[in-house]
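Engineer: Give me a model of this one.
(chains A, B and C)
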Amino acid sequence: METGSIPVRSLPGGFDLQATLESGQSYTWLREDGGMYDEVARGGDAWYATVLPTSVTGGRPAVVRARQRDGRIEWASNVDAHAHLVRLLRLDDDLDAIMARTPDDPLLTTAYDAYRGMRLVRDPPFASLVSFICSAQMRVSRIHGMQTRLAREFGDPVEFDGRTYYAFPRPEQLARATEERLRELRLGYRAPYVARTAEMVASGEARPEDAADLGYEDAREYLTRFVGVGEKVADCVLLFSLGFLEAVPLDTWIRTAIAEYYPECDRGGYAETSRAIRERFGGEYAGYAQTYVFFYLRTGGAV
DNA sequence: TATCCAAGGTAAGTT
DNA sequence: AACTTACCTTGGATA
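Structural biologist: Residues are numbered from 1 along each chain as shown, chains lettered A, B, ... in the order given. As a prediction, the model looks like this:
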């Protein structure tokens, strides 16, 4: 077991682990006290755990546990997790600079103040792709449940500190899943989408990470070749996995925000409205603004 | 207790 | 290209 810690004050703009992991960006972490999304007071200091896939570690899957307490991010792992955490939780983003480069409007300011320190995540691409295929017409807490079941059913088990953790399935593992089994895991009509997309990735027909080499709108178009991936899901993968911080997924909450606060940005079609709200949110870091607004509204912020 | 509704949308079929 | 409609499931609201 290796351990370490990272002082929060060393991170420009601070950090909020709970907000970062429970804001509906990533579905690859488990809170070890069992709770997540569905309760309790904020400001907890619970441990969270994830398993890095072999595509990231290059070797065996690595378990990473982290918690935030006493002004530090504490971690424990079977590898040196520091660089992994910086990457997964975007600890190298300068939040102060990013907020300074998004507009100074009342909704954004309120959302920023509510979850100061929340960062975007950088999830492994295949897990992110599957997670957001599953997200269609689904509550955040249930998306998380689906991903947890997929890992336990099809992922590699990894022993760490007396417990068994499960990596998110590799494409070839998930490609072996039958639609029927996926429906039993309560994916509903998303089951064939996940099965077909996993086959596409496993066969080498296309890989989500290949979109990273393209320009933003071409990258979004590229991802829609996967079954179950439309423009909104594509934007989520671009933002939460592939580092396109300008991506603004147009989900129900953001559409509500547009109607209430930025009606002039509603241009009818997805691409045009997306472009308008992206500009309204300052362009290059518009996705940060989107994520704060989404989480703020979803957790009861005034509309 | 029964019924209804909506949830971080997408694919397929019509105009 | 723009506009409908069907689609699994289920927690929470309403009757």
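Engineer: which residue lies farthest from the center of chain A?
Structural biologist: A:E264 (28.5 Å; Cα atoms, centre = their mean).
Engineer: Show the model's pLDDT score for that residue.
Structural biologist: Note on A:E264: pLDDT of 96.
Engineer: what about the strands in chain A?
Structural biologist: A:2-7, A:30-31, A:48-52, A:62-69, A:72-77, A:157-160, A:163-166 (DSSP state E).
Engineer: wait, which of the ones you listed is closest to DNA strand C?
Structural biologist: strand A:30-31 (17.1 Å; Cβ to the nearest atom of the strand). Bear in mind the C-beta positions are built from the backbone N, C-alpha and C, glycine included.
Engineer: Give me the neighbour count for A:R69.
Structural biologist: When neighbours are defined as other Cβ atoms under 10 Å, A:R69 has 13 of them.
Engineer: For it, give its distance to A:F15.
Structural biologist: A:R69 is 12 Å from A:F15, where distance means Cβ to Cβ, to the nearest Å.
Engineer: Likewise for A:D161?
Structural biologist: 24 Å.
Engineer: Compare these two and say which is more crowded by neighbours.
Structural biologist: A:F15 (26 against 12).
Engineer: Deepest in the core, which of the strands of chain A is it.
Structural biologist: With neighbours defined as mean count of other Cβ atoms under 10 Å, the strands of chain A peak in mean count at strand A:48-52, which reaches a mean of 24.
Engineer: What are the contacting residues of that one?
Structural biologist: With contact meaning Cβ atoms under 8 Å, 6 or more residues apart in numbering, strand A:48-52 is reached by A:17, A:21, A:28-32, A:61-67, A:84, A:88, A:124, A:151, A:155-156, A:158, A:165-168.
Engineer: Buried residues of the lengthiest helix in chain A, list them for me.
Structural biologist: Criterion DSSP state H: the longest helix present in chain A is helix A:140-154. Neighbour-count burial for helix A:140-154, with 16 or more other Cβ atoms under 10 Å as criterion, is recorded at A:140, A:143-151, A:153-154.
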